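Trainee: coordinates only, sequence not included:
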């Protein structure tokens, strides 16, 4: 019996040593991956990323992406991979193409939890066949938690999206390609403008409440064709979580209700929504629940835009630039305690390959920065401290085709909360790291 106990505890010790290690708290500025990123940033200064063109043209389109058969919904692990039971409101891929005669780019947003990394990998080859580069495709999602699942081929992914189905990857990729092609069919000369509205009463810091800050701005890019048709690209920081895990039908949540209501305005032909800095942010309720909450939130956001959308100044901006900046992170830090984590091989075994890049799309003085994560709105004021003095209208979006978990403000790293503990996968100081990378990329492209 004594020998058996010794062997048992010996096995436990070996398992512990092989699967668990300490958190690496080396400051980001002292790491090799940071030094490489800074070196790579210097190198891209000499790479042509677009510039002044001959004109500014845009086109837009949407394609229904609602599955014709039941699939798991993505967003809530509590559903345990259960199949959808119907359609409350249809899901769409919405897209814009931009062309100045020299650079051609596209902005695509999915009514989905995120843009699945496997879709991005498949798109890389396929967009070249229709005259685009993946470097010129700006991806985002609305982050609804009632959309298509089955897109993750890993244990972790299955918890959020149900069992993997490669047909879903093909279907989503096909729909994105079709949307780009359809948008090109109605492209014409246009002008572009920007406005933002203080919507602080409709969003709350869900991580630390009043101890933290919020990104309160409803940001709106206005596109107006020579024909007079108007389109909007909107972003907001509130999570699309008006609907709970009990809802088993497909739905776009409040972003869908918002774009539908905007498209009902005079002269507005099209609207789209990209999730902003949704990390750490949730929508207010207005005293309502579920679909009443959606209607309340969408109505109030629409009314802000409704007041002056015809007066938003637009102008021709023939300068289009894009960057897709690949970067490295420290080894996976999936924690089991404040100072303890699984070894990287455990996380890698349970997760899947994902691109890691920041995408930049600059049209005139409007700059979109796409991130491969739930990006915290608490970080945006730090970026705007650089962009505002330059006269740049900055728009941060999440879910750009990769996914690395949550990126939050570094002071909250040791909070034992969902965002900062369970979903912070790559260690400390990534808030500062992302802010600096985005700031430097904007300075480079400007």
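Mentor: Perfect, I can see it now. For clarity, every value in this text was computed on a predicted model and none was experimentally measured.

Trainee: Please make it C-alpha for all contacts and neighbour counts, starting now.
Mentor: Fine.

Trainee: Counting neighbours, which bits of the helix or strand containing residue 431 end up buried?
Mentor: Here residue 431 sits within helix 430-445, counting by DSSP states H and E. Using 16 or more other Cα atoms under 10 Å as the test for burial, helix 430-445 gives 430-435, 437-442, 445.

Trainee: quick check: mean pLDDT across it?
Mentor: Averaged across helix 430-445, pLDDT comes to 96.

Trainee: and that helix, what does it pack onto?
Mentor: Secondary-structure packing of helix 430-445 (3 or more Cα pairs under 8 Å, 6 or more residues apart in numbering; DSSP states H and E): helix 32-44, strand 357-363, helix 380-387.

Trainee: mind checking which of these is nearest residue 87?
Mentor: strand 357-363 (32.4 Å; Cα to Cα).

Trainee: Tell me which strands the helix or strand that that closest one is followed by pairs with, and in which orientation.
Mentor: Toward the C-terminus, strand 357-363 is succeeded by strand 366-370 as the next helix or strand (DSSP H and E). Sheet pairing of strand 366-370 (DSSP bridges) gives strand 357-363 (antiparallel), strand 393-397 (parallel).

Trainee: angle of the first one against helix 430-445?
Mentor: Orientation note: strand 357-363 sits at an angle of 40 degrees relative to helix 430-445 (axes from the mean of the first three to the mean of the last three Cα atoms, to 10 degrees).

Trainee: And for the last one?
Mentor: Strand 393-397 and helix 430-445 are oriented at 130 degrees to each other (the same axes, to 10 degrees).

Trainee: Strand 393-397 vs helix 380-387, what angle?
Mentor: Using the same axes, to 10 degrees: strand 393-397 against helix 380-387 is 140 degrees.

Trainee: cool, the first one as well?
Mentor: Put simply, strand 357-363 runs at 50 degrees to helix 380-387, going by the same axes, to 10 degrees.

Trainee: what residues does strand 357-363 touch?
Mentor: By Cα atoms under 8 Å, 6 or more residues apart in numbering, the residues outside strand 357-363 that reach it are 135-136, 138, 317-327, 367-372, 400, 402, 438, 441-442, 445.

Trainee: ok, 7 Å please
Mentor: Strand 357-363 is touched from outside by 138, 317, 319-327, 367-372, with contacts defined as Cα atoms under 7 Å, 6 or more residues apart in numbering.

Trainee: Buried subset of those residues as a PyMOL selection?
Mentor: Buried members of these, defined by 16+ other Cα under 10 Å, are picked up in PyMOL with:
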select buried, resi 138+317+319+320+321+322+323+324+325+327+367+368+369+370+371+372
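
Trainee: Which of the contacts of strand 357-363 fall in strands?
Mentor: In strands, judged by DSSP state E, the following of these are found: 138, 319-326, 367-370.

Trainee: Pipe those into TSV and attach pLDDT and distance to residue 205 per row.
Mentor: Formatted as TSV, the ones in strands among the contacts of strand 357-363 follow (pLDDT from 0 to 100; distance: Cα to Cα, whole Å):
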residue	pLDDT	distance to residue 205
138	98	27
319	94	36
320	95	34
321	94	33
322	94	31
323	94	31
324	95	30
325	96	29
326	97	30
367	98	25
368	98	23
369	98	21
370	98	21
